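Undergrad: Fold the stuff below for me.
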Amino acid sequence: MNQSLYARMRAHGTLTETPQEIPDTVFALPSTLNWMKAEAILVTELGVTFQSAREFYKRVQKRDLSEREVNSVCEQLLFSLNQIAALRGLATVPNKADVARVGIVTWYYGVYGAASAMIAAADGSFPETHATTALQWDRQFAVPRLAMDPFADRIGALTKADTDEALAGPRARGKHSLTSAPSTVEEAWGCHAEYLSGTAGWERWNIEQRVRGSSEFKALGVDSFRSKDARALRDAAFTKKSLSFLHEASRYRGKANYRDAIFLAYGNSVPKLAHGFIDDLLVVVTGFSAMAGAYCSMRMGKDRWKAFVDDLETGRAISVSPLEVWS
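TA: Numbers count the residues shown, from 1 in each chain. Predicted structure coming up:
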């Protein structure tokens, strides 16, 4: 019984995963760390701040939000700020392998809260699920180019032709494998494009599994997508699915929440590899929250926005000042 836990899982699987479903650490861990490193490089180099976002949104018009809508916007922004404060605390933990998994979840909810605030400020709605929030954020911000880089790229449909066309722009900015840490802006764009591509592939696999389980597919009497009718059924489902940054974030959170226990927590090299990871998470969520705050400030108007920030600065329990993110 000297075989490592990782080797045993890869050989035999678990009660919930086959051996083929156990992630290969050669790719799974580096891709997780390197995508966030890439996004942190891009947020920094592109200068995504509250002030640059205010300039980006300078043509966004004030909207007459109801009191409940204002409350929802402010609540979700505070929620995002709370996650930023939590990540700052996690950044002080000496062994980042101890907090990498919870750090990803914290990061995601910081993004999710900021995105929810943007949606509420845009049209007064509040989607009830993560999937509908991602869909609505895509339609209201990614599609009309109301998201700043590096949060702006999207794929409008998941057929091979549509995906290849959407990825041409991101891939033109740089090429770099997710298995290697980026250190330049060009390499960061390469990792950025590869994670978008990987998310598209993951979404296509999910859609294929749903199509295989449908009555329409079963009626064809086939077991693959080699036939014309089966491909048409699959591609019709591909056409209905788009993805953007919120979908990538949700997939990223899923890795931390649902992947096997050895992911991020097993292997002598993990603490060294994860050094700086929480800092990268913090840079990216702070940039996204700054962008969201800027958009919401334009929709709320100067007086309501100032009242919110002033009150939060006076009454906050968390250690992070709103002025550190939204000024």
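Undergrad: Tell me where this protein has helices.
TA: Ranges of helices in the chain, per DSSP state H, are 5-12, 25-46, 50-56, 67-90, 100-123, 130-137, 160-172, 185-212, 215-220, 228-239, 245-258, 270-273, 277-300, 302-315.
Undergrad: Show me what counts as buried in the second one.
TA: So the one you mean is helix 25-46. By neighbour count with 16 or more other CB atoms under 10 Å, helix 25-46 contains the buried residues 25, 28-43, 46. C-beta here means a position set from N, CA and C on the backbone, and glycine is covered the same way.
Undergrad: quick one, it and helix 185-212 angle?
TA: Interaxial angle, helix 25-46 versus helix 185-212 (axes from the mean of the first three to the mean of the last three CA atoms, to 10 degrees): 130 degrees.
Undergrad: ok, now the fourth one?
TA: Orientation note: helix 67-90 sits at an angle of 120 degrees relative to helix 185-212 (the same axes, to 10 degrees).
Undergrad: Give me the neighbour count for Gly110.
TA: Here the number of neighbours of Gly110 (other CB atoms under 10 Å) works out to 28.
Undergrad: right, and it touches Ser289 too?
TA: Yes: using CB atoms under 8 Å, Gly110 is in contact with Ser289, at 6.3 Å.
Undergrad: Common neighbours of the two, please.
TA: The contact sets of Gly110 and Ser289 overlap at Ser80, Ile84 (CB atoms under 8 Å, 6 or more residues apart in numbering).
Undergrad: Output the below-cut-off pLDDT ranges for this protein.
TA: Low-confidence segments of the chain, defined by pLDDT under 70: 1-2, 23, 25-26.
Undergrad: got the domain boundaries for it?
TA: Here the domain parsing of the chain from automatic domain parsing is 25-93+100-154+253-327, 158-177+184-243.
Undergrad: In CSV: those, plus distance to Arg10.
TA: Shown next, in CSV, are the domains of the chain (distance: least, CB to CB, whole Å):
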stretch, distance to Arg10
domain 25-93+100-154+253-327, 9
domain 158-177+184-243, 20
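Undergrad: out of these, which comes closest to Ala7?
TA: Closest of these to Ala7 is domain 25-93+100-154+253-327, at 10.5 Å (criterion: CB to CB).
Undergrad: what's the offset of the closest one from the middle of its chain?
TA: 9 Å (CA atoms, centre = their mean, to the nearest Å).
Undergrad: ditto for stretch 200-209
TA: Using CA atoms, centre = their mean, the offset of stretch 200-209 from its chain centre is 17 Å.
Undergrad: Buried ones in it, by neighbour count?
TA: For stretch 200-209, using 16+ other CB under 10 Å, the buried residues are Ala200, Glu203, Arg204, Ile207, Glu208.
Undergrad: and of these, the nearest to Glu21?
TA: Once CB to CB is applied, the member of these that ends up nearest Glu21 is Glu208, at 15.2 Å.
Undergrad: so how far is Leu233 from that closest one?
TA: 10 Å (CB to CB, to the nearest Å).
Undergrad: what sits against the closest residue to Ala53 other than its chain neighbours?
TA: Residue nearest to Ala53 in three dimensions, not counting chain neighbours: Ala294, with 3.3 Å by CB to CB, 6 or more residues apart in numbering. For Ala294, the contact set (CB under 8 Å, 6+ apart) comprises Phe50, Gln51, Ala53, Arg54, Phe56, Tyr57, Trp326.
Undergrad: residues near the residue nearest to Phe79 when sequence neighbours are not counted, how many?
TA: Distances taken as CB to CB, 6+ apart place Gly113 nearest to Phe79, at 3.6 Å, with adjacent residues excluded. For Gly113, the count of nearby residues is 24 (other CB under 10 Å).
Undergrad: swap in Arg68?
TA: For Arg68, using other CB under 10 Å, the count is 11.
Undergrad: do the one 4 residues further on as well
TA: When neighbours are defined as other CB under 10 Å, Ser72 has 20 of them.
Undergrad: so it sits right up against Pro127, yeah?
TA: No: with contacts counted by CB under 8 Å, Ser72 stays clear of Pro127, the gap being 11.5 Å.
Undergrad: overlap in contacts of the two?
TA: Joint contacts of Ser72 and Pro127 (CB under 8 Å, 6+ apart) are Ser116.
Undergrad: Report the contact partners of the most centrally placed residue in the chain.
TA: By CA atoms, centre = their mean, the chain has its centre lying nearest to Ala249, at 1.7 Å. Going by CB under 8 Å, 6+ apart, Ala249 touches Tyr108, Val111, Tyr112, Ala134.
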